[in-house]
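**Q** Any chance you can model this:
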Amino acid sequence: MKLNYNELMKAAGVEALLITDPYNLRYYTGFRGGEGFALITNNQSKVLITDSRYTEAAGKECYQGFEVRQFDSKLSTYDILMEYITKDNTHVIGFENESISYLMYSRILDNLTDGYDELKKTNNYEGEITFKPLDSVLMKPRQIKTPEEIELLRQAEHIGDLAFDDILGILKPGMTELEVAAELEYSMKKHGAEGFSFDTIAASGVNSSMPHAIPSEKKLETGDFLTMDFGCRYKGYCSDMTRTVCIGKASDDQKKIYNIVLSAQLAVLENLKPGMLCKDVDRIARDYISLQGYGQYFGHGLGHGVGLYIHESPAFNLKDTTIVRPGMVETDEPGIYLPGKFGVRIEDMILITEEGCESLAKSPKELIEL
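**A** Below you'll find the model as predicted:
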């Protein structure tokens with residue numbers, strides 16, 4: 001992956017990037033372990049600092065040009081950071097204010113702004129260290145996926161397709177929501193997933209009216225809608241898919257709501273074009289559902305970016321003014337949730353193309369009655 005670190009520093013107005021977020025560590029260094037610090041300076045220093053559990057793997061995984069350093073009881077992370085900061089005469093350091101914890105920030109601030117007088121003298125370092133928030137600077141390049149990333153996301157979603165096909169063959173009244181979630185997760189692992197994007201949702205009957213219901217011991221009953229929201233990680237990249245099926249025959253009311261949600265979901269696929277604002281993509285589905293009289297029952301945003309992390313920017317919601325561009329991968333997941341009755345959500349991951357968009361999920365979306 002070709003990355004221009006100096007352009008990022010210029011955009012942020014800093015002389016170095018201090019990366020601590022595990023997903024940014026993966027993206028900007030190649031290191032998959034998730035635990036460590038990376039410092040990249042405008043004097044070409046690139047160092048990843050981690051402990052003995054990861055140094056061998058990091059040496060194999062990091063992009064060319066990165067030096068891997070190990071901290072231990074005698075040499076702390078902050079000692080190593082100060083070594084490079086003073087050597088490169090770096091003063092303005094960008095930090096990940098959108099993801100770093102207050103505790104970690106406090107420790108960095110305390111350790112890098114106090115003491116180390118000897119290192120400063122040794123490297124003729126003058127002045128003080130200041131920290132500047134990076135805001136979304138590191139996230140923006142991740143919005144546009146490379147061809148290699150797109151193929152990994154496509155494969156992750158394909159694993160979801162296989163799991164959905166598997167679960168259709170075993171769903172029956174009497175299974176619990178917990179069993180449904182376990183079967184989906186087993187199937188994804190069986191088909192090559194290295195882990196899961198998030199906690200699997202399996203919500204049936206009245207529980208399906210809660211968008212993020214936690215699977216329970218509730219048993220599937222004839223006439224229940226069952227909403228399954230699931231995803232996996234494949235070589236670090238996430239998938240996300242939701243399908244709602246009926247255990248037995250659906251009522252006329254269930255069919256009506258299902259078809260409204262399906263029409264809204266398909267309307268996005270048909271009308272989304274690069275150059276639109278994210279908030280206007282959200283309105284495609286939201287306006288349709290509102291015209292059918294159910295706008296108050298669609299409370300969440302239409303979708304979100306997906307990549308190394310399950311919820312990335314930009315997002316399809318009423319506030320996001322990001323311009324939609326080819327190479328983005330987003331979710332299209334409208335829903336209607338009737339409290340005390342049932343809910344319906346249908347979700348695909350979609351790739352923004354030059355002409356419109358492509359659904360990465362291939363599972364059927366017409367109402368399935370089991």
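**Q** What is the least confident helix or strand in this structure?
**A** Using mean pLDDT, DSSP states H and E, helix 117-122 stands out as the lowest-scoring helix or strand of the chain, at a mean of 77.
**Q** As CSV, could you dump the C-alpha coordinates of the helix or strand following it?
**A** Using DSSP states H and E, the helix or strand that follows helix 117-122 in sequence is strand 130-133. These are the backbone C-alpha positions of strand 130-133, laid out as CSV (Å, rounded to 0.1, in the frame of the first residue of the first chain):
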residue,chain,number,x,y,z
THR,A,130,3.6,20.1,21.9
PHE,A,131,0.7,17.8,21.0
LYS,A,132,-1.9,18.6,18.3
PRO,A,133,-5.1,16.7,17.7
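**Q** Which strands and helices lie in contact with strand 130-133?
**A** strand 92-95 (3 or more Cβ pairs under 8 Å, 6 or more residues apart in numbering; DSSP states H and E). In this view, the C-beta of every residue, glycine as well, is placed from N, C-alpha and C.
**Q** what pLDDT, on average, does the strand it packs on get?
**A** For strand 92-95, mean pLDDT rounds to 96.
**Q** Run the chain-centre distance for that strand.
**A** Relative to the centre of its chain, strand 92-95 is centred 24 Å away, using Cα atoms, centre = their mean, to the nearest Å.
**Q** related to what we said a few turns ago, what residues does the least confident helix or strand of the chain touch?
**A** Here helix 117-122 makes contact (Cβ atoms under 8 Å, 6 or more residues apart in numbering) with M82, E83, T86, Y125, E126.
**Q** Relative to K132, how far out is the last one?
**A** For E126, the distance to K132 (Cβ to Cβ, to the nearest Å) stands at 19 Å.
**Q** These two: who's more crowded?
**A** Taking other Cβ atoms under 10 Å, E126 and K132 do not tie; K132 has more neighbours (15 against 9).
**Q** Over to R53. Which of the three states is it?
**A** coil (DSSP: H, G, I helix; E, B strand; the rest coil).
**Q** burial measure for it, as a count.
**A** Residues contacting R53 under the criterion other Cβ under 10 Å number 11.
**Q** ok, now A58?
**A** Neighbourhood size, A58 [other Cβ under 10 Å]: 25.
**Q** can you give me the mean pLDDT across the longest helix along the chain?
**A** Identified as the longest helix of the chain according to DSSP state H is helix 147-168. The predicted model assigns helix 147-168 a mean pLDDT of 98.
**Q** Do a quick rundown of the helices in the stretch 1-150 of the chain.
**A** Counting by DSSP state H, counting those that start in this stretch, the stretch 1-150 of the chain has helices at residues 5-12, 22-29, 55-61, 77-87, 102-113, 117-122, 140-143, 147-168.
**Q** Please produce JSON lines containing those helices, extended by distance to A202.
**A** Below are the helices of the stretch 1-150 of the chain laid out as JSON lines (distance: least, Cβ to Cβ, whole Å):
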{"stretch": "helix 5-12", "distance to A202": "41"}
{"stretch": "helix 22-29", "distance to A202": "26"}
{"stretch": "helix 55-61", "distance to A202": "34"}
{"stretch": "helix 77-87", "distance to A202": "41"}
{"stretch": "helix 102-113", "distance to A202": "35"}
{"stretch": "helix 117-122", "distance to A202": "55"}
{"stretch": "helix 140-143", "distance to A202": "30"}
{"stretch": "helix 147-168", "distance to A202": "9"}
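**Q** nearest to A315, of the ones you listed?
**A** Nearest to A315 among those is helix 140-143 (10.8 Å), distances taken as Cβ to Cβ.
**Q** could you measure T130 against E15, distance?
**A** According to Cβ to Cβ, T130 stands 10 Å off from E15.
**Q** again, but for K273
**A** K273 is 40 Å from E15, where distance means Cβ to Cβ.
**Q** The two: which is more packed in?
**A** Counted by other Cβ under 10 Å, K273 and E15 do not tie: E15 has more neighbours, with 19 against 14.
**Q** got a list of what the more buried one touches?
**A** Applying Cβ under 8 Å, 6+ apart, one finds that E15 lies in contact with M9, T41, N42, T90, H91, V92, I93.
**Q** If burial is judged by neighbour count, which of those residues pass?
**A** M9, T41, N42, T90, V92, I93 (16 or more other Cβ atoms under 10 Å).
**Q** burial count for Y27?
**A** When neighbours are defined as other Cβ under 10 Å, Y27 has 22 of them.
**Q** what's the pLDDT at it?
**A** Y27 is assigned a pLDDT of 97 by the prediction.
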